[in-house]
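Trainee: no sequence on hand, only this structure:
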C-alpha cells in the first residue's frame, strides 16, 4: 500500500498532485509531459520489481530465520492503510475546509 501511495496510483492523495503537475506541464510542452511520465513509469516499475523480490522469495532458500509478525504489530498498520485509502477516495468536508483555509493563508 505504501509503495502504491508513493508511486501515486489513483485512490491515493498523491495522485491528484501528480495529475495537476502533468496538466500544468501539458500547457508548457508535450515532450516535457512525456519525459515526466517516463520517469514516473521508471519509479513505478522499480517499486514493482522490489515488491516482487521482497514477497516472492522462497523460505527454503534463505539462511535467515523467518520472523512472524504478531497481530499487535500489524493492526496499527492496517488502520493507517485504511485511513489512507478512505481519504484518497472520500474527503470529509471538515478536512477539505481546513485544507482550503491553509491554501488561502499561503496566498494561492
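Mentor: Thanks, I have it. These figures come from a predicted structure and were not determined experimentally.
Trainee: got a list of contacts for stretch 9-16?
Mentor: 4-8, 84-85, 87-89 (C-beta atoms under 8 Å, 6 or more residues apart in numbering). The C-beta positions use only the backbone N, C-alpha and C, and glycine is treated the same way.
Trainee: out of these, which are buried?
Mentor: If you count burial by 16 or more other C-beta atoms under 10 Å, the buried members of the contacts of stretch 9-16 come out as 4-5, 7-8, 84, 88.
Trainee: count the residues that sit near residue 42.
Mentor: 10 (other C-beta atoms under 10 Å).
Trainee: host element of it?
Mentor: Using DSSP states H and E, residue 42 sits within helix 30-55.
Trainee: distance between that helix and the chain's centre?
Mentor: 12 Å (C-alpha atoms, centre = their mean, to the nearest Å).
Trainee: what is the helix or strand following it packed up against?
Mentor: Beyond helix 30-55 on the C-terminal side, the first helix or strand identified by DSSP H and E is helix 71-89. Counting contacts by 3 or more C-beta pairs under 8 Å, 6 or more residues apart in numbering; DSSP states H and E, helix 71-89 packs against helix 13-28.
Trainee: buried residues in the helix it packs on, which are they?
Mentor: 15, 18, 25.
Trainee: closest one of these to residue 40?
Mentor: Checking the buried residues of helix 13-28 against residue 40 with C-beta to C-beta, the nearest one is residue 18 at 7.1 Å.
Trainee: residues in contact with that closest one?
Mentor: Applying C-beta under 8 Å, 6+ apart, the residues contacting residue 18 are 8, 40.
Trainee: and it, how far from residue 63?
Mentor: Applying C-beta to C-beta, to the nearest Å, the value for residue 18 to residue 63 is 40 Å.
Trainee: ok, back up a step: make TSV out of the buried residues of helix 13-28 and add pLDDT.
Mentor: Compiled in TSV, those are given as follows (pLDDT from 0 to 100):
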residue	pLDDT
15	80
18	80
25	86
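Trainee: residue contacts, residue 56?
Mentor: No residues are in contact with residue 56 under the rule C-beta under 8 Å, 6+ apart.
Trainee: measure it to residue 18 for me?
Mentor: 28 Å.
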